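In: just need the structure, nothing else, for what follows:
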Amino acid sequence: MSILIKNGTIVTSSEVFHGDISVKDEKIQGIASHIWGDFDTVIDAEGKLVIPGGIDAHTHFRLPVKGTFSADDFIYGSRAGACGGVTTYIDFAHQRKGESPMIALEERIREAGGNTYTDFGLHLGITDFNQQVLKEIPEYIEKGVPSFKLYMIYAKEGFMSDDATLYAMLTALKPFDGLVTVHAENPFIIDYLTDQLQSEGKTDIPYHPLSRPNFVEEEAIRRALYLARITDGRIYIVHTTTKEGVEAVREARGQGVHVFAETCPQYLILTDEIYSKEDGHLYPTCPPLRKEEDKNALWNGLSSGIIQTVATDHCSFTRKQKEAGRHDFTKLPMGLPGIETLVPLLYSEGVAKGRISLNQWVDAISTAPAKLFGLHPRKGSLTPGSDGDVVIFDPQKEWTIEPSLLHYNVDYSPFTGMKVTGKADTTILRGHILYHEGEFIPHKPQGLFVPRYYKRS
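Out: Presented below is the predicted three-dimensional model:
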C-alpha cells in the first residue's frame, strides 16, 4: 500500500516546514515540497500538522494489581493509543519470584503478539535480583530489550530493588549503554506514614498524598542519582512529579550524570485538589497528584530540557474496580487511563498555551523516547527509510474529553470535561491507516514487537 500526504505542515523535533510525505512498503519513501506519482491513497493535510507517530514509553496493560487486573489489555490499550496518535508503546514484562526474567519476557511477547493494533516494545522489570540476572543481561540486549525497570518502592509486596541491586544493574548495563529506569519513592517512609494515618482513622482519599509527600520522591531520586554518578551509568526517572525532583535532576545533569526524566499529563494538568471531589477515589495513582507549584516546575523542566519525555503510566481501572477503595486509599488499585489523550493534551496544554514549542512537543512524545529507548531512527523520525508511522494532527479542532468519545475499556477519564484544542485526524502505522477522521479502521491487529538497540552495526 502506498500513501501520499500532501500540503501538510511537517513538524519534527528540529524543523517545521510545508511539504509532502510519501509512504510505501511500510517505510517513509520521500519528503519534499511537492511529490508527484501514483499512490493508492492521497490525503490532503492542508492546515494540519504532520508528525512522527507518538510513542508512549510507559504503559501497563493487563497489570495484576490488588487482586485484579488493569482493565485495558493490549487490544483495548493499543486501539485507544492509535485513536489518539500513538503508534508505539513500551510496556513491561515483570520477573516472577524464583524465575528467570527471560520467562516473563517471552510470555509477555506471546501475550501481546497478534493482539495489538500498534507496535510495541517491553521494559524488563527486575523483582528478584540475583547473579543469574546479571549473567543473562547480554541475552536481553541481544533480544532487543536494553531497558530495565527497578522499583525503589513496594518493599512489603516484595518487588523492591535495594540500593545494591540498583548499583549492580547500573554497573552491569554500562558496557551495553543499557538504561535503568526507576520508580523513585522511599517505601519505608511511605509505609510508616500510611500506618500512622490508618491508626488515626485518616484513610479517606484526600489523605493519599499525605502518605507520599514530596520529600519521599526527592530522597529516592537523589539516592538513585548518586549511584548513577558513582557508576557512570545511565538512569531514567519515570513519572517525575515534584519540584524537588526536577531540581535534583537539574543538579545532576549539571554534574554530568547520565540522567533522563519523564513526567505524565496527569502531573502537568491535575492537582491533588481533585481528591476532595465526590468521585475523588477515581484519581489516586502512585506517585500522587501534587500542588500547583509542582505543575509549574514540571512545565519549566520540560521547556528547559531537564525533562525529556512525557509518557502516561497508563494503568486503567473501571469505576467498579475503583469502588474497592472509595473511602480507603490503601485499598485502591492505583492508576489512571491516559494513552489516548497523551498527544492532544500535550499540544493543547503545552503548545497552544505557549508553554512549549511545536518542536518540543514532537520531541517529548515521539523523538526523545525513540532515541532514549533504542527505537530511533526506525521510530520517532520522518526520514526516508524510517517506519511509515505518521500522524496527521488538526491543531484547530476543539473538543471536550468525554468517556464516550474515547476507546478505553474503562468508563471514565481523569480529564473528563476538559476542553482541548487539537486532535489526531489520521494515524498511520507502517503505511497502514489505523484511524481516520474520527473512525477506527476495523482490521486484524498487526502490531509487531520491535526490538530496541542502542548500538547499531
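In: quick one: low-confidence ranges for the stretch 251-400 of the chain?
Out: Scanning the stretch 251-400 of the chain for pLDDT under 70 picks out no residues.
In: tell me which stretches of it form strands.
Out: 258-263, 309-310, 390-400 (DSSP state E, counting those that start in this stretch).
In: quick check: which of these is buried the most?
Out: strand 309-310 (a mean of 28; mean count of other CB atoms under 10 Å). C-beta here means a position set from N, CA and C on the backbone, and glycine is covered the same way.
In: how far out from the middle of the chain is the host helix or strand of Lys149?
Out: For Lys149, the element it lies in under DSSP states H and E is strand 147-151. Chain-centre distance of strand 147-151: 14 Å, with CA atoms, centre = their mean, to the nearest Å.
In: show residues contacting it.
Out: 90, 92, 94, 123-127, 140, 159-161, 165-166, 169, 173, 178-183, 236, 238, 373-374, 452 (CB atoms under 8 Å, 6 or more residues apart in numbering).
In: got the contact list for the closest residue to Lys24 other than its chain neighbours?
Out: Excluding its sequence neighbours, the residue lying closest to Lys24 (CB to CB, 6 or more residues apart in numbering) is Ser2, at 4.3 Å. Listed by CB under 8 Å, 6+ apart, the contact set of Ser2 reads Ser22, Val23, Lys24, Asp25, Gln29, Asp38, Phe39, Asp40, Thr41, Gly431.
In: of those residues, grab the buried ones for ChimeraX.
Out: Command for ChimeraX that selects the buried part of these, burial taken from 16 or more other CB atoms under 10 Å:
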select :22,23,24,29,39,431
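In: closest to Ser13 out of the contacts of Ser2?
Out: Among the contacts of Ser2, Val23 lies closest to Ser13 (CB to CB), at 19.4 Å.
In: using the three-state scheme, assign the closest one.
Out: Classification of Val23 using DSSP: H, G, I helix; E, B strand; the rest coil returns strand.
In: isn't it right up against Ile392?
Out: No: using CB atoms under 8 Å as the test, Val23 is too far from Ile392 to be in contact (11.8 Å).
In: overlap in contacts of the two?
Out: Ile5, Ile428.
In: give me the domain ranges for the protein.
Out: What automatic domain parsing lists as the domains of the chain is 2-51+382-440, 54-372.
In: over to the shortest one now: how far is its first residue from its last?
Out: Using CA to CA, to the nearest Å, the gap from the first to the last residue of domain 2-51+382-440 comes to 19 Å.
In: quick one: distance of it to the chain centre.
Out: 19 Å.
In: now do stretch 72-79
Out: The answer for stretch 72-79 is 14 Å, by CA atoms, centre = their mean.
In: what residues sit buried inside it?
Out: Under 16+ other CB under 10 Å, the buried positions of stretch 72-79 are Asp72, Asp73, Phe74, Ile75, Tyr76, Gly77, Ser78, Arg79.
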